[in-house]
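In: sequence first, predicted coordinates after that:
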Amino acid sequence: MDVSDVLDDLLAEQQALDDIVAGLPNEAWGLATPSPGWTVADQIGHLTYFDRTAALAIDDPTAFQDSMTALLQSGASNASADDVTLAQYRAMAPEELLSAWRANRAALAAAGATLADDTRVAWYGPSMGSKSFLTARLMEAWAHGQDIVDTVGATRRSTDRLRHIAQLGFITRGWTYMNRGLDVPPTPVRVELTSPSGETWAFGPDDATESIVGPALDFCLVTTQRRHVDDTDLVVTGESARDWMEKAQLFAGPASDGPAARAV
């Protein structure tokens with residue numbers, strides 16, 4: 001898979017979410033989502049802001065550095081970061097916000113089309129390879145979209161685009177621990193996932209004694225901290241595998257905990 005394939009999947013994932021929010025009544029945009037303090041509109045505002053800065057990072061690295069400096073200088077609290085990233089979008093009506101997101105997605109699509117497989121893109125923290133960079137945007141669209149889907153009760157068909165997120169979830173096992181200031185467990189874990197199309201996606205050594213087996217969708221929900229592992233059909237074997245699934249965090253930023261298991 002080359003960078004143009006990842007870009008195509010990113011655009012398809014964004015459109016799948018657009019298809020959901022475009023049909024929402026205005027009052028639904030104000031509903032609270034599972035992300036504390038964020039409404040449906042805030043979820044789209046977040047994507048709108050970072051799709052714009054992602055396009056800048058490719059097209060105008062100097063302008064991107066300026067925007068990143070402004071964000072970092074806003075302080076470490078979530079409220080001040082939201083002031084920078086969401087304030088202008090919170091002032092928009094739903095139709096205007098949707099148009100802004102579409103415009104910034106188009107800018108990112110045009111910028112992404114200029115990337116080569118070996119291009120590196122400056123971002124918040126270390127630079128990223130072009131495919132990883134676009135994969136991160138796809139993950140964001142899917143994960144924040146999940147918050148919206150859960151809030152409004154929409155149905156979103158799972159596709160094999162989840163492979164991007166599943167692979168990211170697997171390779172960030174070490175990050176999950178380092179981000180918490182913990183040693184990375186040495187025990188290897190085998191991950192075997194059933195894709196939406198019925199394929200098997202396997203990661204890790206096939207002779208590992210610990211494993212995670214089940215639907216790719218569930219693995220993606222856990223590693224993006226949208227579900228607790230106990231609320232999925234994942235079969236987790238081994239203490240290290242279980243500990244990983246309880247801490248898993250594939251995204252950047254301060255260490256955070258996913259949702260608690262739902263009461264039975």
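Out: Alright, I've got the coordinates.
In: residue 232 - nearest residue in space that isn't next to it in sequence?
Out: residue 218 (3.6 Å; CB to CB, 6 or more residues apart in numbering). C-beta coordinates here come from the backbone N, C-alpha and C atoms, glycine included.
In: and that neighbour, what helix or strand is that in?
Out: If you go by DSSP states H and E, residue 218 is part of helix 216-223.
In: for that helix, list the C-alpha coordinates in CSV.
Out: Output in CSV follows, covering the C-alpha atoms of helix 216-223 (Å, rounded to 0.1, in the frame of the first residue of the first chain):
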residue,chain,number,x,y,z
ALA,A,216,-10.9,-6.0,14.3
LEU,A,217,-13.6,-3.5,15.1
ASP,A,218,-13.4,-4.3,18.8
PHE,A,219,-9.6,-4.1,18.8
CYS,A,220,-9.8,-0.6,17.2
LEU,A,221,-12.5,0.5,19.7
VAL,A,222,-10.3,-0.6,22.7
THR,A,223,-7.0,0.9,21.4
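In: for that helix, packing partners?
Out: In terms of contacts (3 or more CB pairs under 8 Å, 6 or more residues apart in numbering; DSSP states H and E), helix 216-223 is packed against helix 162-171, strand 189-194.
In: tabulate the ones you listed (TSV), appending distance to residue 84.
Out: Listed next are the helices and strands packed on helix 216-223 as TSV, based on distance: least, CB to CB, whole Å:
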stretch	distance to residue 84
helix 162-171	26
strand 189-194	36
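In: what about the stretch 51-200 of the chain, any weak spots by pLDDT?
Out: Along the stretch 51-200 of the chain, the model assigns pLDDT under 70 to residues 75-79.
In: what's residue 2 sitting at in phi/psi?
Out: Phi and psi for residue 2, reported as degrees, to the nearest 10, are phi -100, psi 180.
In: contacting residues for it?
Out: 117, 131 (CB atoms under 8 Å, 6 or more residues apart in numbering).
In: how far away is it from residue 201?
Out: The gap separating residue 2 from residue 201 is 19 Å, by CB to CB, to the nearest Å.
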